[in-house]
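Novice: Quick one, what's the 3D model for this:
(one chain, ligands or ions: 1)
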Amino acid sequence: MLIHIPDVLTKQQVADFRAQLAQADWIDGKATVGAQGARVKQNRQLDVNSPIARSLGEIILKAIYSNPLFMAAALPLRTVPPLFNSYEGGEHYGLHVDGAIRLIPGSNLSLRTDVSSTLFLSEPDEYDGGELVVQDTYGSHEVKLPAGDLILYASTSLHKVEPVTRGARVCSFFWTQSMVRSDSQRNMLYELDASIQSLREKLGDCEEVVSLTGHYHNLLRQWGDV
Ligand code: NI
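Specialist: Here you go, the predicted model:
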């Protein structure tokens, strides 16, 4: 399941990010990928330890952890510091699946990648190509979102980035370990939560809504690990 989360960053924040990223030193994107990925990956990234990546990454983490839609969809336990990439002049990233375990830089901690996020920092009309294509059990989905919007998808999905044939596609991307390992259980909780929210708006906190809310938390207790 792909979930579109609009307005994670404001347009002003996006403009500030872009101004800082324009001054940054970009390195070969193969630095953060395993052997299969390295064969198909062609782009540039910021060094994860660079001051710009760290400070912008902090802003993104604050934004997603205060975003109700992200929280409901990802049920995050922890998230790696966000990375930044740029594609231009035909750069692309062929079909791959993200590595299952990632070391959190500067720590001894690792996390399991359950949920992948791409946060768009370029407007769609700034570049041609560059669609994120995600394959799941419902088929193949092309994603190209307004700057400031985020797409969230299961890290178990095969995906690729199409060649950018005009302009530059700048994004942030990162992985989250969810409290709920299973994609299908996480999706059920997300849909149940959305239904409860909608019912609450229509009916208020009637007995049935309170009861369903209890079931939501009891399922999370069954399926969640912290
Ligand atoms: Ni990937």
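
Novice: quick one: secondary structure of residue 55?
Specialist: Secondary structure assignment for residue 55 (DSSP: H, G, I helix; E, B strand; the rest coil): helix.

Novice: Ignoring the adjacent residues along the chain, who's closest to residue 92?
Specialist: residue 163 (4.0 Å; C-beta to C-beta, 6 or more residues apart in numbering). C-beta coordinates here come from the backbone N, C-alpha and C atoms, glycine included.

Novice: how much space between that neighbour and residue 18?
Specialist: 22 Å (C-beta to C-beta, to the nearest Å).

Novice: more neighbours, those two?
Specialist: Between residue 163 and residue 18, counted using other C-beta atoms under 10 Å, the more crowded position is residue 163 (18 against 14).

Novice: wait, the more buried one sits on residue 127?
Specialist: No: if you go by C-beta atoms under 8 Å, residue 163 and residue 127 don't touch, sitting 10.4 Å apart.

Novice: Overlap of the contact sets of the two?
Specialist: Shared contacts of residue 163 and residue 127, defined by C-beta atoms under 8 Å, 6 or more residues apart in numbering, are found at residue 87.

Novice: packing partners for the worst-scoring helix or strand of the chain on mean pLDDT?
Specialist: Sorted by mean pLDDT, DSSP states H and E, the helices and strands of the chain end with helix 35-40, the least confident at a mean of 80. On a contact count with 3 or more C-beta pairs under 8 Å, 6 or more residues apart in numbering; DSSP states H and E, helix 35-40 meets strand 92-96.

Novice: how about the strand it packs on: buried residues?
Specialist: For strand 92-96, the neighbour count (16 or more other C-beta atoms under 10 Å) marks 92, 93, 96 as buried.
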